[in-house]
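J.: only geometry, no sequence info:
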C-alpha cells in the first residue's frame, strides 16, 4: 500500500499483574493512509492507551510488528526509534504531561529543541502555533497558571509543532467540559484542513466522528 503511513501487524501486548497475565492488546492489525483519521472508541481499560503507546514506540510489543513509513519498529534500536519519534510522530497524552517548570512557549518549543533548532528558531515557531491556538497572551504562563483547556491546547501545540507525519491523541477532550472540548475539536479540524498528517484519536467523545475517515471500537484488547 503505497499510501500507507503506518501498518500494525498482529500486535499483542501482555502485562503481568498479581501473577496473572493481562492481555492488554490482542491481535490488532490495521493500516492507516496519508491524511487519514481513525477514531478508536472504547470503554476505560479496553486497551486504547496501550495500543497508542505501542504505535508511538513508547512501549514494545509482546509480539507482532509495526511498520512506519519505511521502517520496521522491530528492527530499530531504542535510540533509532526515539529519533524517528522526535522527527515524525506527535503524541498527545490524556492529562497533557506538560513540564510544570516550563512556560507554555517552552513546553511547545521543546520538540524543536530536541531536533536541533536553536532557541530563537524554536520560539518563533512556538509563538506562531500558540497564536493560532488562541494562546498568544498565555505563552509565558506555566501549566499551573493555565486552565484545563489551555493546558491541553499547549499539549496539542507541542505535538504538532514539528509537522509530524503521524499524530496520536489519547482522550484529548476527556478531562474537559463540553464547551472547551468543542474548542479543541474545532482546533484539530482546522489543523487537519491544512495538514497531510495522519491521526489516530482514542476517545469516548462521539463528536469526533465527523472528523474521521473511519472508526473502530476496542474491547478487551481487540480492535473491531
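T.: Great, that's in hand. Quick caveat, the model's predicted, so the values are computed rather than measured.
J.: look at residue 90 and tell me its secondary structure.
T.: For residue 90, the reduced secondary structure class is strand; criterion used: DSSP: H, G, I helix; E, B strand; the rest coil.
J.: okay, and the beta partners of it?
T.: Beta-bridge pairing of residue 90 under DSSP bridges involves residue 167.
J.: any idea which element the nearest residue to residue 144 once chain neighbours are set aside lies in?
T.: Nearest residue to residue 144, sequence neighbours excluded (CB to CB, 6 or more residues apart in numbering): residue 100, at 6.6 Å. C-betas here are computed from N, CA, C, even on glycine. In this structure, residue 100 is located outside every helix and strand according to DSSP states H and E.
J.: can you offset everything so residue one is 26?
T.: Right, with 26 as the first residue, what we last looked at is residue 125.
J.: list the contacts of residue 125.
T.: 167-169 (CB atoms under 8 Å, 6 or more residues apart in numbering).
J.: looking at these, which is nearest residue 236?
T.: For the contacts of residue 125, the minimum distance to residue 236 (CB to CB) is 26.4 Å, reached by residue 168.
J.: run a quick neighbour tally on that closest one.
T.: Using other CB atoms under 10 Å, residue 168 has 19 neighbouring residues.
J.: buried residues, the worst-scoring helix or strand of the chain on mean pLDDT. List them.
T.: Least confident helix or strand of the chain, by mean pLDDT, DSSP states H and E, is helix 203-218 with a mean of 84. Using 16 or more other CB atoms under 10 Å as the test for burial, helix 203-218 gives 205-206, 208-210, 212-213, 216-217.
J.: do the same with stretch 96-109
T.: For stretch 96-109, burial by neighbour count (16+ other CB under 10 Å) applies to 96, 98, 101, 106, 109.
J.: now, those that are in strands?
T.: Using DSSP state E, the subset of the buried residues of stretch 96-109 located in strands is residue 96.
J.: inside helices: which ones of the buried residues of stretch 96-109?
T.: Residues of those located in helices (DSSP state H): 106, 109.
J.: mind listing the helices for the protein?
T.: In the chain, the helices defined using DSSP H lie at 73-80, 103-113, 129-139, 144-157, 173-185, 203-218.
J.: quick one: closest of the ones you listed to residue 88.
T.: Per CB to CB, nearest to residue 88 of those: helix 73-80, 11.1 Å.
J.: pull the residues that contact that closest one.
T.: By CB under 8 Å, 6+ apart, the list of residues contacting helix 73-80 reads 31, 33, 36, 38, 49-50, 53, 65, 67, 84-86, 91, 116, 119, 191, 193, 195-196, 225, 227, 243, 246, 248.
J.: buried subset of those residues?
T.: Buried subset of those (neighbour count, 16+ other CB under 10 Å): 31, 33, 36, 38, 49-50, 53, 65, 67, 84, 86, 91, 116, 119, 191, 193, 195-196, 225, 227, 243, 246, 248.
J.: where does the protein have low pLDDT?
T.: Scanning the chain for pLDDT under 70 picks out the ranges 26-27.
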